[in-house]
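Asker: based on what follows, work out the 3D shape:
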Amino acid sequence: MFKKILVANRGEIALRVVRAARELGVQTVAIHSTADAHALHVKFADESICIGPPQPDKSYLNIPAIIAAAEVAGVDAIHPGYGFLSENAHFAQVCQTCGFKFIGPQPEMIKLMGNKIAARETMRKVGLPVIPGSGGAVESEEEALRVAREIGLPIMIKAAAGGGGRGMKIVRDEAELVKSLRLARTEAEAAFGDGSMYLERYIGRPRHIEFQIAADAHGNVVHLGERECSVQRRHQKLIEESPSPAMTEKKREEVGALIVSAIEKLGYESVGTIELLMDEGRNLYFMEMNTRIQVEHPVTEEVTGIDLVRLQIRIAAGERLPFEQRDISFRGHAIELRINAEDPYTFAPSPGTLTDYNTPGGPGIRIDTAVTHGAFVNPHYDSLIAKLVVHDVTRDKAIKRAKSALREFIVAGISTNIDFHRLALDFPDFVSGDYDTNVVPRILATARP
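Answerer: Now for the predicted structure:
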């Protein structure tokens, strides 16, 4: 096991890694910008090092500064958390070259899965179904028109290096295709420095379902069930739950076995997430793979009883998985609500100082947060301020517990999306479990007459 880990992140995930490392008997080093000098992850780590000003490109994305901090602190490994450099293959390679274990998968795996076209083709070859599409980047507008006619409209234009909905366009009419392709390419080049685009058949009412996997360096692979992530705004998740209301035990076993087989063939090492789209016929298609710990990992922890961050660290240290697939069982139902500093109806960011802050408690309630009363929510960083996770024996009871917990959640001084969550938990389609990725506008429509 490692002796000392540098946590290359901030906020609740940095604090989460500090906790997991402490439980493993591993010392931690927090890095921080000047804006985060008094943050909780800095307070609770064994050591801390300031690496730059508030701007992420001068601090949390500054690879030379992070490596220098690791060298000064004498760490064995670097944990990237999620976001920032967590899926940056170059950073993973630099860590490796400089003698620090990157707590995540191999750099070549990050690079492969970071290119959506390459990932799609790779997963098709190892046995996962993919959405009918171009099969690769479209090189010209003429080729795009030809592919669109072959797979049929409507289609989705996607950026090969994309994520977060950037460089994505839905095309319902052939006359829109060229204009949309040019616009998507421009967005992708600005966001990712790569304008490569591919086409997929558009699924009108998809559900976003993802499987958590874990794989060690000794060839052992397991899945830890699925999460439903269909409540999204601008392709960003707001509510996640496990298990998915759309999955049966038989379907979970079938899809899980297929995914485990695919990961075994890849030779992937670490935790990771296979993201899938489910169509109206309940068919599942590979969409992308996230090669890091996910924001929503707590719902899987609640239903399996497995600490995913501790597991991630143990895998990076060369340990074998401490269980087999037959040892994993699923208990009850968990729901995560992302509490963001944003307007509950427009989702516009709402930075500022928390003049009052109280989090709920009680059985089956978990709060992952890194803010306290009087904290400043900085506009330079993500708007997530807390994750409210509830667990109970059934989905209906978990929803009731979440509604009760929201009544105790007090945040003053800024706007939050707590009112949105109240609407969502009362929305008939969500309550019944029959919802899809288009549900947020329908939820918002109930807010006002």
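
Asker: burial measure for residue 404, as a count.
Answerer: 13 (other Cβ atoms under 10 Å). Using the backbone N, CA and C atoms, a C-beta is placed for each residue, glycine as well.

Asker: what residues does the strand or helix carrying residue 146 touch?
Answerer: Using DSSP states H and E, residue 146 sits in helix 141-151. With contact meaning Cβ atoms under 8 Å, 6 or more residues apart in numbering, helix 141-151 is reached by 132-134, 138, 155, 157, 171, 174, 177-178, 181, 197, 199-201.

Asker: what is the mean pLDDT for it?
Answerer: Regarding helix 141-151, the rounded mean pLDDT is 90.

Asker: next: stretch 81-98.
Answerer: 98.

Asker: tell me how far it lies from the chain's centre.
Answerer: Its chain's C-alpha centre and that of stretch 81-98 lie 16 Å apart, by Cα atoms, centre = their mean, to the nearest Å.

Asker: do the same with stretch 200-209
Answerer: 18 Å.

Asker: do a quick rundown of the strands in the stretch 301-449 of the chain.
Answerer: For the stretch 301-449 of the chain, strands defined by DSSP state E, counting those that start in this stretch occupy the ranges 333-340, 352-353, 356-358, 365-369, 376-377, 384-392, 410-412.

Asker: partner strands of the third one, with direction?
Answerer: Within its sheet, strand 356-358 is paired with strand 410-412 (antiparallel), according to DSSP bridges.

Asker: try the longest one
Answerer: According to DSSP bridges, the neighbouring strands of strand 384-392, each with its direction, are strand 333-340 (antiparallel), strand 365-369 (antiparallel).

Asker: re earlier: distance to residue 268, mean pLDDT and mean neighbour count added to the strands of the stretch 301-449 of the chain, as a markdown table?
Answerer: A markdown table is the format used below for those (distance: least, Cβ to Cβ, whole Å; pLDDT from 0 to 100; neighbours: other Cβ atoms under 10 Å):
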| stretch | distance to residue 268 | mean pLDDT | mean neighbour count |
| --- | --- | --- | --- |
| strand 333-340 | 25 | 98 | 25 |
| strand 352-353 | 41 | 96 | 14 |
| strand 356-358 | 39 | 96 | 13 |
| strand 365-369 | 26 | 98 | 18 |
| strand 376-377 | 36 | 94 | 20 |
| strand 384-392 | 26 | 97 | 24 |
| strand 410-412 | 39 | 97 | 17 |
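
Asker: does residue 300 sit in a helix, a strand or a coil?
Answerer: Recorded secondary structure, residue 300: helix (DSSP: H, G, I helix; E, B strand; the rest coil).

Asker: and for it, nearest residue in space, chain neighbours not counted?
Answerer: Leaving aside its sequence neighbours, residue 300 sits nearest to residue 212 (Cβ to Cβ, 6 or more residues apart in numbering; 4.8 Å).

Asker: before we move on, the earlier item: in the helix holding residue 146, which residues are buried?
Answerer: For helix 141-151, the neighbour count (16 or more other Cβ atoms under 10 Å) marks 144, 147, 148, 151 as buried.

Asker: so what's residue 110 up against?
Answerer: 87, 88, 89, 92, 104, 291.

Asker: before we move on, the earlier item: turn the strands paired with strand 384-392 into TSV, including distance to residue 357.
Answerer: Formatted as TSV, the strands paired with strand 384-392 follow (distance: least, Cβ to Cβ, whole Å):
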stretch	distance to residue 357
strand 333-340	11
strand 365-369	9
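
Asker: just the element for residue 156, please.
Answerer: Residue-wise, residue 156 maps onto strand 155-159 under DSSP H and E.

Asker: so how far is that strand off the chain centroid?
Answerer: The answer for strand 155-159 is 20 Å, by Cα atoms, centre = their mean.

Asker: return the list of helices and strands in contact with that strand.
Answerer: Applying 3 or more Cβ pairs under 8 Å, 6 or more residues apart in numbering; DSSP states H and E, one finds that strand 155-159 contacts strand 169-171, helix 177-192, strand 197-201.

Asker: nearest to residue 224, of those?
Answerer: strand 197-201 (27.3 Å; Cβ to Cβ).

Asker: specify the angle between that closest one and helix 177-192 in degrees.
Answerer: Interaxial angle, strand 197-201 versus helix 177-192 (axes from the mean of the first three to the mean of the last three Cα atoms, to 10 degrees): 120 degrees.

Asker: against residue 156, how distant is residue 273?
Answerer: Applying Cβ to Cβ, to the nearest Å, the value for residue 273 to residue 156 is 20 Å.

Asker: who has more neighbours out of the two?
Answerer: More neighbours surround residue 273 than the other of residue 273 and residue 156, with 22 against 19 (other Cβ under 10 Å).

Asker: close enough to count as contact, the more buried one and residue 214?
Answerer: No. Counting by Cβ atoms under 8 Å, residue 273 does not reach residue 214; the two are 10.4 Å apart.

Asker: distance check, residue 80 against residue 337.
Answerer: 25 Å.

Asker: likewise for residue 416?
Answerer: Relative to residue 337, residue 416 is positioned 11 Å away (Cβ to Cβ).

Asker: just to revisit the earlier point, I'd like the strands of the stretch 301-449 of the chain as TSV, with distance to residue 127 appended.
Answerer: As requested, those are arranged in TSV below (distance: least, Cβ to Cβ, whole Å):
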stretch	distance to residue 127
strand 333-340	29
strand 352-353	49
strand 356-358	48
strand 365-369	34
strand 376-377	44
strand 384-392	33
strand 410-412	46
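
Asker: quick one, which of the ones you listed gets closest to residue 44.
Answerer: strand 365-369 (12.7 Å).

Asker: please save the CA atoms from the helix holding residue 146 in CSV.
Answerer: The C-alpha trace of helix 141-151 is given here as CSV (Å, rounded to 0.1, in the frame of the first residue of the first chain):
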residue,chain,number,x,y,z
GLU,A,141,-20.2,17.1,-45.8
GLU,A,142,-21.0,14.8,-48.7
GLU,A,143,-20.1,11.7,-46.7
ALA,A,144,-22.2,13.0,-43.8
LEU,A,145,-25.2,13.3,-46.1
ARG,A,146,-24.6,9.7,-47.4
VAL,A,147,-24.3,8.2,-43.9
ALA,A,148,-27.5,10.1,-42.8
ARG,A,149,-29.4,8.6,-45.7
GLU,A,150,-28.1,5.1,-44.8
ILE,A,151,-29.0,5.2,-41.1
